[in-house]
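Asker: Provide a 3D model corresponding to the input given below.
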Amino acid sequence: MITNGHGKPVVALDIDGTLGDYHGNFLDFAGRYFNEGFPREGAGRPNLNPGLPLWEWMGLGIREYRDAKLAYRQGGWKRWMPVYPDAPELTHEIRAAGAEVWICTTRPYLRLDNIDPDTREWLRRNGFEYDAVLFDPLTEDETKYHELVRQVGVERIASVTDDLPEMIEAAEYLRIPNRTVPILRDQIYNRHVNFARRAMNTNDIWRYVIQDLERWNRGIE
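Answerer: As a prediction, the model looks like this:
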């Protein structure tokens, strides 16, 4: 693949809800934490969540939800989050195609010391390949994608995949990727959003990423 003077193209991938089943993992933890079962999709829960916060969809109060989420984060549960099929292989294919893989997550690593090591251990034990990990900058007016642009420049960003509509909007606002539109990883909490590039699985993500890399390549020839 041809690269420009600023380096290789960058493919940005979210973790929770994109590469791994965060919601299923958290629901398993919450069931133990509250000693109460929380059915997953297709098991008593609707297949459409019209943008409800997870705590509301679970039928919890916001305070008890936050307490449970803090315990979840502190307990190292993210080290055992299930990996979506073919997700590690996706990162291998992207790097084999000549691009860099930047893992971009909203995990608040500045608030808890274990967030960074837990994240990197999950990536290691599941065989992911990557060139950098970016975390949530924890500012009201900036996102992980602001930091991505700051570090690599908008012209190098060829593709972005996320599961949260608000993160997709942030990427679009920053005009990244600047030759196409981001990829939305399908989840029940984003199906109320009408989106052109919805990936139902990892293979769909790869198909879109290949298109993005081809566009990026044509743009510099």
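Asker: can you list the low-confidence ranges for the protein?
Answerer: Residue ranges of the chain with pLDDT under 70: 1-6, 39-51, 108-113, 138, 220-221.
Asker: so who does the spatially most central residue of it touch?
Answerer: Among the residues of the chain, the one closest to the centroid is residue 14, at 2.0 Å (CA atoms, centre = their mean). Applying CB atoms under 8 Å, 6 or more residues apart in numbering, one finds that residue 14 lies in contact with 103, 104, 105, 106, 161, 162, 163, 164, 167, 185. Where you see a C-beta, it was placed from the backbone N, CA and C, and this is true even at glycine.
Asker: cross those against strands and list the overlap.
Answerer: 103, 104, 161, 162, 185 (DSSP state E).
Asker: between the residues you listed, which is nearest residue 147?
Answerer: residue 104 (8.1 Å; CB to CB).
Asker: now the strands for this structure?
Answerer: Ranges of strands within the chain are 10-13, 100-104, 132-134, 157-162, 183-185, 198-199, based on DSSP E.
Asker: wait, doesn't residue 122 sit right on residue 77?
Answerer: No - using CB atoms under 8 Å, residue 122 makes no contact with residue 77, being 10.2 Å away.
Asker: which neighbours do these two have in common?
Answerer: Common contacts of residue 122 and residue 77 (CB under 8 Å, 6+ apart): none found.
Asker: from the contacts of residue 14, which two are the most distant?
Answerer: Comparing all pairs in these by CB to CB, the longest separation belongs to 103 and 164, at 15.1 Å.
Asker: just the buried ones from the ones in strands among the contacts of residue 14, in ChimeraX syntax?
Answerer: One line in ChimeraX is enough to select the buried ones among those; burial here means 16 or more other CB atoms under 10 Å:
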select :103,104,161,162,185
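Asker: how about the backbone phi and psi for the residue nearest to the centre of the chain?
Answerer: The phi/psi pair for residue 14 (degrees, to the nearest 10) reads phi -70, psi 160.
Asker: roughly how far out does the longest helix along the chain sit from the chain middle?
Answerer: For the chain, the helix that runs over the most residues, judged by DSSP state H, is helix 202-220. The chain centroid and the centroid of helix 202-220 are separated by 17 Å, computed with CA atoms, centre = their mean, to the nearest Å.
Asker: in that helix, what's buried?
Answerer: 202, 204, 205, 206, 208, 209, 212, 213, 215, 216, 217.
Asker: same check, this time on stretch 122-134
Answerer: 122, 123, 126, 128, 130, 131, 133, 134.
Asker: so how far is the first residue of that stretch from its last?
Answerer: Across its full length, stretch 122-134 reaches 15 Å between end residues, using CA to CA, to the nearest Å.
Asker: and for stretch 9-22?
Answerer: Looking at stretch 9-22, the gap from its leading to its trailing residue is 28 Å under the measure CA to CA.
Asker: please shift the residue numbers so they start at 6 in all later answers.
Answerer: Taking 6 as the first residue, the last one we looked at is stretch 14-27.
Asker: chain center to that stretch, what's the gap?
Answerer: The chain centroid and the centroid of stretch 14-27 are separated by 3 Å, computed with CA atoms, centre = their mean.
Asker: next one: stretch 182-194
Answerer: Between the centre of stretch 182-194 and the centre of its host chain there is 10 Å, according to CA atoms, centre = their mean.
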